[in-house]
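Student: I would like the atomic coordinates for the input below:
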Amino acid sequence: MTARAPQSSRLNACISPTARDSLTPGSRDRLIAQEALRIRWHQLFDRIPQLAERLPDTTDLYEAFLEWAVAAGRRLDWRMHLHFLEFLNSEGIALQPQDHIELLAASAARWFASPEHRQRGLALTTGTTTPKVVVALKGHSPLERGRVKLAAVPGLEPTPGIRWSLSRSGDFATLTWSPL
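Tutor: Model (predicted):
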């Protein structure tokens, strides 16, 4: 019987391909880690099909992104697609404005399910998409569907980087931007 890896190693292996590879091949822990990484791959790429189609080998890119995110201490919560955009930019991968919008919309869609924010609205933008912003609005009740749309904000000046703004009521008359 193979000894189990320490719990911290098993948890790290679920978000780090390098940590996964350090587990015993064929072990239960490694299979669980591989499945967790596969699920996260789908969480990332299934929401950005147009960009995923244009990217080179998504498996290698995904694994490099995860290692970068772990090393940089990035949280892979609703902001995962924002961090992926940040990573792609840092790698010098050429992106079109529609790629930015697709990544922002994917992040907004994941934000709907985020338990940490009780606000009703989220706006996201990058220096490439400004003056356009991706806006996400939660429904007034649990049964009302949320919406994600692209909107123009007159007078919004392009600023480098990725920015976001929350709105308790879903009214974006005044935007207070936070950097990623």
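
Student: quick one: neighbours of His100, just the number.
Tutor: 24 (other CB atoms under 10 Å). All C-beta atoms are positioned from the backbone trio N, CA, C, and that covers glycine.

Student: right, and it touches Leu124 too?
Tutor: No: between His100 and Leu124 there is no contact under CB atoms under 8 Å: 9.4 Å.

Student: my read is that Pro160 contacts Gly127, right?
Tutor: Yes: Pro160 is within contact range of Gly127, at 4.6 Å (criterion: CB under 8 Å).

Student: which one of the two has more residues nearby?
Tutor: Taking other CB under 10 Å, Pro160 and Gly127 do not tie; Gly127 has more neighbours (14 against 11).

Student: quick check on that one: phi, psi?
Tutor: phi -60, psi -30 (degrees, to the nearest 10).

Student: could you measure from it over to Ser167?
Tutor: Distance, Gly127 to Ser167, by CB to CB, to the nearest Å: 21 Å.

Student: quick one, helices of the protein?
Tutor: 7-13, 17-21, 28-45, 49-54, 58-72, 80-90, 97-112 (DSSP state H).

Student: can I get the ones you listed in a markdown table with distance to Gln119?
Tutor: A markdown table is the format used below for the helices of the chain (distance: least, CB to CB, whole Å):
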| stretch | distance to Gln119 |
| --- | --- |
| helix 7-13 | 30 |
| helix 17-21 | 34 |
| helix 28-45 | 22 |
| helix 49-54 | 27 |
| helix 58-72 | 25 |
| helix 80-90 | 17 |
| helix 97-112 | 9 |
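
Student: wait, which of those helices is closest to Gly139?
Tutor: helix 97-112 (9.2 Å; CB to CB).

Student: list the buried residues in stretch 28-40.
Tutor: Across stretch 28-40, burial judged by 16 or more other CB atoms under 10 Å covers 29-30, 33-34, 36-37, 40.

Student: repeat that for stretch 159-171.
Tutor: Neighbour-count burial for stretch 159-171 [16+ other CB under 10 Å]: 162-167, 170.

Student: could you do stretch 120-128 as well?
Tutor: Buried residues in stretch 120-128 (16+ other CB under 10 Å): 120-126, 128.

Student: distance from the chain centre to stretch 125-137, please.
Tutor: 15 Å (CA atoms, centre = their mean, to the nearest Å).

Student: circling back: least confident of the helices of the chain, on average?
Tutor: Across these, helix 7-13 has the smallest mean pLDDT, namely a mean of 66.

Student: got a list of what the residue nearest to Thr176 when sequence neighbours are not counted touches?
Tutor: What sits nearest to Thr176 in space, not counting adjacent residues and going by CB to CB, 6 or more residues apart in numbering, is Ser165, at 5.6 Å. Ser165 sits next to 122-123, 172, 175-178 when contact means CB atoms under 8 Å, 6 or more residues apart in numbering.
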